[in-house]
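[1] generate coordinates for the sequence data below:
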Amino acid sequence: MMDILRNVGIAALAIIFLGAGLTFLTASVVVPAAARELEKECLELAPDLWREYQTKLEPGETIDQRPDLMQEVGQKLQPLLDAKLARSMGQGQNVAQSTTNVDRTDVIDTSDTVIDVSAVTTSKTEGDETND
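    Here you go, the predicted structure:
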């Protein structure tokens with residue numbers, strides 16, 4: 001009976017330490033990385049928004065220390081990120097559509113996706129020549 005209680009206590013202690021470790025990892029690695037990415041995207045898409053939220057910080061405080069501000073900036077930035085993604089996907093589709101109408105041997109048309117394999121076939125051909 002004592003062994004069972006001891007094992008349960010050890011398991012509970014292990015779970016507590018695991019939770020503390022994951023909290024530390026999140027606070028020291030994940031949140032700062034997310035804050036850097038948020039800053040990068042915000043400066044690219046809405047620099048005025050970034051400056052607005054910088055003024056809400058206390059002197060010496062960084063955005064990764066204020067998850068409430070990170071969430072607000074992220075919510076305001078999300079429509080801009082969605083529009084950026086839609087633009088980039090739209091440009092890719094235009095290129096793909098224009099190449100599907102051309103009869104080329106270096107493009108594989110899978111109906112939904114067009115993959116340009118010219119760089120692969122060129123590299124392979126050059127590599128084959130040096131091995132002869």
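[2] His20: how many residues sit nearby?
    Slight slip there: residue 20 is Ala, not His. Neighbour count for Ala20, taken as other CB atoms under 10 Å: 10. No exception for glycine: its C-beta is placed from N, CA and C like everyone else's.
[3] mind checking pLDDT for it?
    Per-residue confidence at Ala20 stands at 93 (pLDDT).
[4] the one helix or strand it maps to: what's the following helix or strand?
    For Ala20, the element it lies in under DSSP states H and E is helix 2-25. Downstream of helix 2-25, the first helix or strand assigned by DSSP H and E is helix 31-45.
[5] list the buried residues of that next one.
    Val31, Ala34, Ala35, Leu38, Glu39, Glu41, Cys42 (16 or more other CB atoms under 10 Å).
[6] what's the average pLDDT for it?
    90.
[7] which secondary structure elements does it contact?
    Contacts defined by 3 or more CB pairs under 8 Å, 6 or more residues apart in numbering; DSSP states H and E place helix 31-45 against helix 47-55, helix 67-100.
[8] can I get the helix holding Ala20 in PDB? Just the C-alpha atoms.
    Output in PDB follows, covering the C-alpha atoms of helix 2-25 (Å, rounded to 0.1, in the frame of the first residue of the first chain):
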ATOM      1  CA  MET A   2       2.800   2.400   0.900                       C
ATOM      2  CA  ASP A   3       4.500   1.600  -2.400                       C
ATOM      3  CA  ILE A   4       1.400   2.600  -4.300                       C
ATOM      4  CA  LEU A   5       1.100   5.900  -2.400                       C
ATOM      5  CA  ARG A   6       4.800   6.600  -3.000                       C
ATOM      6  CA  ASN A   7       4.500   5.900  -6.700                       C
ATOM      7  CA  VAL A   8       1.400   8.100  -7.000                       C
ATOM      8  CA  GLY A   9       3.200  10.900  -5.200                       C
ATOM      9  CA  ILE A  10       6.200  10.600  -7.500                       C
ATOM     10  CA  ALA A  11       3.900  10.600 -10.600                       C
ATOM     11  CA  ALA A  12       2.100  13.700  -9.300                       C
ATOM     12  CA  LEU A  13       5.500  15.400  -8.600                       C
ATOM     13  CA  ALA A  14       6.700  14.500 -12.100                       C
ATOM     14  CA  ILE A  15       3.600  16.000 -13.600                       C
ATOM     15  CA  ILE A  16       4.100  19.200 -11.600                       C
ATOM     16  CA  PHE A  17       7.700  19.500 -12.800                       C
ATOM     17  CA  LEU A  18       6.600  18.700 -16.400                       C
ATOM     18  CA  GLY A  19       4.000  21.500 -16.200                       C
ATOM     19  CA  ALA A  20       6.600  23.900 -14.800                       C
ATOM     20  CA  GLY A  21       9.100  23.000 -17.500                       C
ATOM     21  CA  LEU A  22       6.500  23.500 -20.300                       C
ATOM     22  CA  THR A  23       5.500  26.800 -18.800                       C
ATOM     23  CA  PHE A  24       9.100  27.900 -18.700                       C
ATOM     24  CA  LEU A  25       9.700  26.800 -22.300                       C
END
